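**Q** Got a predicted structure here, sequence first:
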Amino acid sequence: MKPRQATKSWWTIKEIQLHNEVLLYSCLANRRQNFCRNVGGKLFVTNFRILFLPHYFDFFLLGKKWVVDIKKVNLIKVEKKRFKLFNVSLRDRLLIECSEICKEYFVVNNLKHIIFSLNQILLKKKEQ
């Protein structure tokens with residue numbers, strides 16, 4: 001039996017779907033991988049985890065995937081644009097803060113709508 005893929009995108013790297021995992025939301029995004037590297041790809045939200053999968057071009061240029069258990073996410077909000085040395089952001093960004101003291105930044109279109117949708121999903125998961 002062939003394992004099913006959690007992602008429904010032909011241009012991103014593939015990820016194996018967990019047992020009973022359901023895709024709830026997805027959007028295009030750029031992830032800040034380190035202070036000088038942004039990676040293009042897609043952000044996926046399932047009932048178990050949040051994944052960022054880079055597209056093939058960035059993956060071959062050492063772009064990394066990012067995965068976190070949805071139960072470990074503490075906060076999803078807007079990170080305002082700022083101008084500091086080695087931290088220039090010309091747009092407001094999506095901030096996903098995890099319980100393991102990690103902060104991940106994403107540039108997305110329709111930021112407020114995406115934050116509202118992700119917070120609704122997070123709220124439903126915490127109620128369960």
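**A** Okay, I see it.

**Q** So which residues of the protein form strands?
**A** Per DSSP state E, the chain carries strands over the ranges 23-34, 37-46, 49-54, 66-69, 73-79, 82-84, 87-89, 93-98, 103-107.

**Q** can you list those in TSV and add mean pLDDT?
**A** Shown next, in TSV, are these (pLDDT from 0 to 100):
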stretch	mean pLDDT
strand 23-34	89
strand 37-46	90
strand 49-54	92
strand 66-69	92
strand 73-79	91
strand 82-84	65
strand 87-89	57
strand 93-98	92
strand 103-107	91
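
**Q** the inter-axis angle of the top helix by length along the chain versus strand 49-54?
**A** In terms of residue count, the longest helix belonging to the chain (DSSP state H) is helix 111-127. Between helix 111-127 and strand 49-54, the angle comes out at 140 degrees (axes from the mean of the first three to the mean of the last three CA atoms, to 10 degrees).

**Q** Can you give the contact residues for helix 111-127?
**A** 24-25, 27, 45, 47, 70-71, 73, 76-78, 92-94, 96, 108 (CB atoms under 8 Å, 6 or more residues apart in numbering). No exception for glycine: its C-beta is placed from N, CA and C like everyone else's.

**Q** Much appreciated, bye for now.
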